[in-house]
Each structure stands twice: as structure tokens, then as C-alpha cells.
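Novice: Just a sequence and a predicted model for now, questions to come.
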Amino acid sequence: MSEARVLPDRFEAFHDMIVEAVRTFPDRYPGLLDHEVLVAPPNSLIYVSRWRSEEDLVHYAGENWRDQPVVLPGEDDYLLAPLQVRHFTTASLA
């Protein structure tokens, strides 16, 4: 999961850029099981992705995936603060 805190006057443009950029991810990254873009008013956009394996995630995000978010070219121009990334694993409910 990555969270972008976006400049208020650039939010719509940033949203459109991200949605367009990630639209092709399932075709480009076969290990991507599911993904979505969430809007958290007033200025946050969250990208959530679910991966088949850590290996598939490394293919997408690189060896430093735990600490360094994937940043698209020009993305920083829209942000109030650096992109924040968090990783989760599924907990057993049994």
C-alpha cells in the first residue's frame, strides 16, 4: 500500500495520472493479483496492490521494495510530502 498526500490544486490531475499509469499493470506484471486506487479526502490517494508472491513483488518494485516506494516519473511534482509505503501480509483467522 502506498499513500500519496497530494497538493490540493493538483489532486484531480494526479488521480488521473495514477489511474492511467496503473491501468496496464495487470498485463505488465502477471504476479499482480488485484489492485485499486482509493481516494481519502481531502488530499490523500492510496494505491493498494496484492501480489501472488514476494518474488513477483520484487519484479515490480525492486530489491528494496520494503523501504523504497515505487515512484512514477513526475509524481513528486504533485506531492505535499514523500510517498509513504506500507506492506501487509495476510493473517490467519483460524
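Specialist: Yep, that arrived.

Novice: which residues in this structure form strands?
Specialist: For the chain, the strands defined by DSSP state E cover 2-5, 32-40, 44-51, 84-85.

Novice: Now do the contacts for residue 26.
Specialist: 32, 35 (C-beta atoms under 8 Å, 6 or more residues apart in numbering). (Each C-beta comes from the backbone N, C-alpha and C, glycine too.)

Novice: next one: residue 45
Specialist: Taking C-beta under 8 Å, 6+ apart, one finds 3, 4, 6, 11, 14, 15, 18, 37, 38, 39 in contact with residue 45.

Novice: let's see it at 10 Å
Specialist: Neighbouring residues of residue 45 by C-beta atoms under 10 Å, 6 or more residues apart in numbering: 2-6, 11, 14-15, 18-19, 37-39, 78-79, 83.

Novice: Repeat that for residue 71.
Specialist: Contacts of residue 71 (C-beta under 10 Å, 6+ apart): 2, 4, 79, 82, 83, 85.

Novice: Point out the other helices and strands that the lengthiest helix in the chain packs with.
Specialist: Assignment by DSSP state H gives helix 11-22 as the longest helix of the chain. Applying 3 or more C-beta pairs under 10 Å, 6 or more residues apart in numbering; DSSP states H and E, one finds that helix 11-22 makes contact with strand 2-5, strand 32-40, strand 44-51.

Novice: Buried residues of it, list them for me.
Specialist: By neighbour count with 16 or more other C-beta atoms under 10 Å, helix 11-22 contains the buried residues 11, 14, 15, 17, 18, 22.
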